[in-house]
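>>> here are the coordinates; sequence isn't available:
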């Protein structure tokens, strides 16, 4: 705790990077918390029919920093000093949706990836049919969890489901971004299209992650707008850094097929702007994200720190 | 209207089949109503990115009786004499979910069907990647519509989303049924497994269809339990009849690949019990369905008629 506070006050002065040890400890504790909730909410491998639950759990527990869930938890904390009912369950739905999108993106008909985080992808282990259905099931489960939260008023449950469904949809949501991404492969590079893809494919779920936390904490409209702006910009930064790491990983290990963006001729920030300019763009998004947090003051210290972590991470 | 009333009073005496002309007119009117709502709720083909919306609309408007939506509308009417706010929008989500399941079921990795209702399947026209994402998008859109219904109280919206998510899920829901169905192909025939598959894959969505209508009409727990029993049994009857029609269609045209259940070695009622016994089983489910409607009296006349139609239909 001492370390955490020191890190916060240091960050507040905006002169030093956050203490990496304390942040890493914090991230690890939160990750464990989210995974415990996921273990409880996803049907056991013995539940009928077992195959689908094995496939869902295989991909859900194949690693990952749970950064979207952690954003959700911290957005709730930024809005409300009180504990927010069901917040861990709410935050876990982001990982269900994120994992659904990874399973479907990895399919042979889409990105055709055999490995993800160093492990065989869902369809390589369970076959394509089960992988498609496991993705479907995780998407449906996310909405089931939100709609049936035990300690959350109905109007909040409905708002949470609405927010998540918009983020997963076709209009400025994940599916729209994925379609545009598939169509853009092999196309000429176009800055507007690239930004649309990243906004829809990645930033929309980051925005939803923090908005779910803020909605659950009963944010007022101004707070919700600010946290939404934070999530959108942090999500953009995350994706630009992901593009950069994909290029850099041609030399290092990232746990997925190396330099696959290049191999698949994906439109990326480094491809369009080069590595150095891409780093500046990521830093710009993070600056905007941090600016959006200003009204929350010290209660958003961890979110500030997390957004810095997004651009400084190495994997 | 005269015809409809005559048909109702005839059915009430339980001596004559319903007037086929009036029922057909009724079904056609309702179908048109649902399709108008779907046209409004699904993003236009011009909305970015156009491909995904074209694919969603292609499959959504490729025909179909909209029987699940009509069940939803009539369940609301059975429960409440007053008009139910948003009921057409609510009923349309069943078609979104049904179409999502057809698109994914038809994929090469699953049933590998080139035709559905006499038209090329979604992946044959738009490719597998877009078909997978169009299915995903219809599932997400269904939840978005329910969560954001403009004239429905939040507690009802949350209950509707919860009900639909359970029906689409892995535990006694559509995905569970589909997985068990895929695994059962080529297996020895097993009555228990067969019933589980039909209950989960088909009856769950029929049950949800009527439960959505009943929930929207603010059914009390007894009414909801009765309507749920009706939907479950009507759904079982529908699937058994579907199995029978698949066999019979080896001689007639049904608009899909002929006798595909046999070709794919699916477990079906005719395969296990023969045609004649299967017809009796379907009639038994319908009898139970109609029995469940008894407490609703005359207000469920159309549901009674619809359940008879389910077993007498030829396609």
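Here it is on my side, so go on. On a predicted model such as this, the values are computed, not experimentally measured, just so you know.

>>> now do the same end-to-end measure for stretch A:115-126.
End-to-end span of stretch A:115-126 (C-alpha to C-alpha, to the nearest Å): 13 Å.

>>> distance between it and the chain's centre?
How far stretch A:115-126 lies from its chain's middle: 19 Å, per C-alpha atoms, centre = their mean, to the nearest Å.

>>> next helix or strand past the host helix or strand of residue A:72?
In this assignment (DSSP states H and E), residue A:72 forms part of helix A:67-79. Heading C-terminal from helix A:67-79, the first helix or strand you meet, by DSSP H and E, is helix A:87-106.

>>> That following helix near chain B at all?
Yes. Using C-beta under 8 Å from any C-beta of the partner chain, helix A:87-106 comes into contact with chain B via A:100, A:104. Bear in mind the C-beta positions are built from the backbone N, C-alpha and C, glycine included.

>>> what's the angle between that helix and helix A:67-79?
Going by axes from the mean of the first three to the mean of the last three C-alpha atoms, to 10 degrees, helix A:87-106 is angled at 150 degrees with respect to helix A:67-79.

>>> Can you give the strand pairings for the very next helix or strand once past helix A:87-106, parallel or anti for each?
Per DSSP H and E, the first helix or strand lying C-terminal to helix A:87-106 is strand A:115-116. Here strand A:115-116 is paired, per DSSP bridges, with strand A:119-120 (antiparallel).

>>> mean confidence for the strand it pairs with?
Averaging pLDDT along strand A:119-120 yields 96.

>>> Ok, stretch A:308-315 next?
Stretch A:308-315 shows a mean pLDDT of 85.

>>> What residues of the helix holding residue A:72 count as buried?
A:67-79 (16 or more other C-beta atoms under 10 Å in any protein chain shown).

>>> Not counting sequence-adjacent ones, nearest residue to residue A:237?
Spatial nearest neighbour of residue A:237, chain neighbours left out: residue A:285 (3.8 Å); criterion: C-beta to C-beta, 6 or more residues apart in numbering or on different chains.

>>> Can you verify my assumption that residue A:160 contacts residue A:90?
Yes. The criterion here is C-beta atoms under 8 Å, and residue A:160 meets it with residue A:90 at 6.4 Å.

>>> what touches both of these two?
A:146, A:149, A:152, A:212, A:216 (C-beta atoms under 8 Å, 6 or more residues apart in numbering or on different chains).

>>> what sits up against the helix holding residue A:72?
Helix A:67-79 has contacts (C-beta under 8 Å, 6+ apart) with A:27, A:30-31, A:34, A:84, A:87-88, A:90-92, A:94-95, A:98, A:205-206, A:209-214, A:216-219, A:223, A:227, A:230-231, A:234, A:238, A:293, A:296, A:299-300, A:302-303, A:306, A:310.

>>> before we move on, the earlier item: and whichever strand or helix holds the residue nearest to residue A:237, what does it pack against?
Per DSSP H and E, residue A:285 falls inside helix A:269-292. Counting contacts by 3 or more C-beta pairs under 8 Å, 6 or more residues apart in numbering or on different chains; DSSP states H and E, helix A:269-292 packs against helix A:191-198, helix A:221-248, helix A:301-312.
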